[in-house]
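Peer 1: all I have is the shape, not the residue letters:
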């Protein structure tokens, strides 16, 4: 019985530490990799596949499905970007391509499964739009049900859901806004909330977001002015609570924020600085405000995206310009990676949940 229990725990830990990494495409090189992170921070590559057309971001569906955006302006010989669906086979430890679909918006950079699991929502940076795609009963993208265009200056970057208000937030880097939308789950149409958007600081460039649980605060990392903002989201009337710099005092070189994540217990929040090449950490107070900035070297160049390991001990950093996924300690500030994985222009890394 003891051996069986130990084997079960080991199996759970192994499954928990499997992750996917994707990046921009280059001929003859895999752009999606399936890997495992062990307890010491070492990476074991399990499988890889070449998807093509820049699978720059992805999310997970049910039954081992993985939905990737194809960040291009023409896909399947039509204007618009794409969604490629992969399936992870647990038995063969492999990835296989299931389907591809043009989703009607150019340059998609983010994809999210709707709260009811029936749709995909993509933020289309290139065309200033947001697309909704219906899934069939098997979870495969079936058809585009809605595309909302916000204009030439719009640069949507991410979608996140507030279950308390049943509201989707869309960060718009170009307009310095967070759009607030509701989804008609019968028709697959997006509609403005009672308050259609709230404005961020002019020139801030809101990029990625995180929400605490239960939802009370929205955390936004701002690409263009290297800051992190906190907003009260208890109602559609959103109010700003705080904005803090993600850079050390006195730093004057160019730097651009990218990704943001809360720790599992919600007591810390992390963000990436491209240029300064660091991961910033703040403590999260009871009221949701931030304090105590610390900075970790990302052990590479241009941290586009990152993930926190299930144990909370490591960051997996997609260092886009040095072509590597770097593993660095969450605690400490060594410029040496614990381990690394070569991947062309990596842009997304996520653990299976």
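Peer 2: Ah, there it is. Remember, predicted model here, so these are calculated numbers, not experimental data.

Peer 1: where does pLDDT dip in this protein?
Peer 2: 1-16, 333 (pLDDT under 70).

Peer 1: please, where are all the helices along it?
Peer 2: Remark: helices assigned in the chain by DSSP state H are 2-16.

Peer 1: report the distance from the longest strand seen in it to the chain centre.
Peer 2: Using DSSP state E to define each element, the chain has its longest strand at strand 189-199. Centroid separation for strand 189-199 versus its chain: 22 Å, with Cα atoms, centre = their mean, to the nearest Å.

Peer 1: touching that strand from outside, list them.
Peer 2: 121, 130, 132, 145-146, 148, 165, 167-168, 172, 176-184, 231, 236-238 (Cβ atoms under 8 Å, 6 or more residues apart in numbering). The C-beta positions use only the backbone N, C-alpha and C, and glycine is treated the same way.

Peer 1: identify each buried residue in it, please.
Peer 2: Residues 190, 193, 197-198 are the ones in strand 189-199 that count as buried (16 or more other Cβ atoms under 10 Å).

Peer 1: ditto for stretch 71-90
Peer 2: 71-72, 75, 80-88.

Peer 1: and what of stretch 294-301?
Peer 2: 294-300.

Peer 1: is the residue lying closest to residue 45 once chain neighbours are set aside in a bridge, and if so with what?
Peer 2: Nearest residue to residue 45, sequence neighbours excluded (Cβ to Cβ, 6 or more residues apart in numbering): residue 35, at 5.1 Å. Note on residue 35: beta-bridge partners by DSSP bridges are residue 19, residue 45.

Peer 1: could you identify the buried members of the contacts of strand 189-199?
Peer 2: Applying 16+ other Cβ under 10 Å to the contacts of strand 189-199 flags 121, 130, 132, 145-146, 148, 165, 167-168, 172, 176-183, 231, 236, 238 as buried.

Peer 1: residues contacting the residue lying closest to residue 332 once chain neighbours are set aside?
Peer 2: Leaving out its chain neighbours, the residue that sits closest to residue 332 by Cβ to Cβ, 6+ apart is residue 296, at 7.1 Å. Counting by Cβ under 8 Å, 6+ apart, residue 296 makes contact with 278-281, 315, 328-330, 332-333.

Peer 1: show me those residues that map onto strands.
Peer 2: 278-281, 315, 328-329.

Peer 1: residue 204: which of those residues is nearest?
Peer 2: residue 280 (15.9 Å; Cβ to Cβ).

Peer 1: what separation do you get for the closest residue to the closest one other than its chain neighbours and residue 300?
Peer 2: Closest residue in space to residue 280, ignoring its immediate chain neighbours: residue 246 at 4.5 Å, by Cβ to Cβ, 6+ apart. With distances taken as Cβ to Cβ, to the nearest Å, residue 246 is found 17 Å from residue 300.
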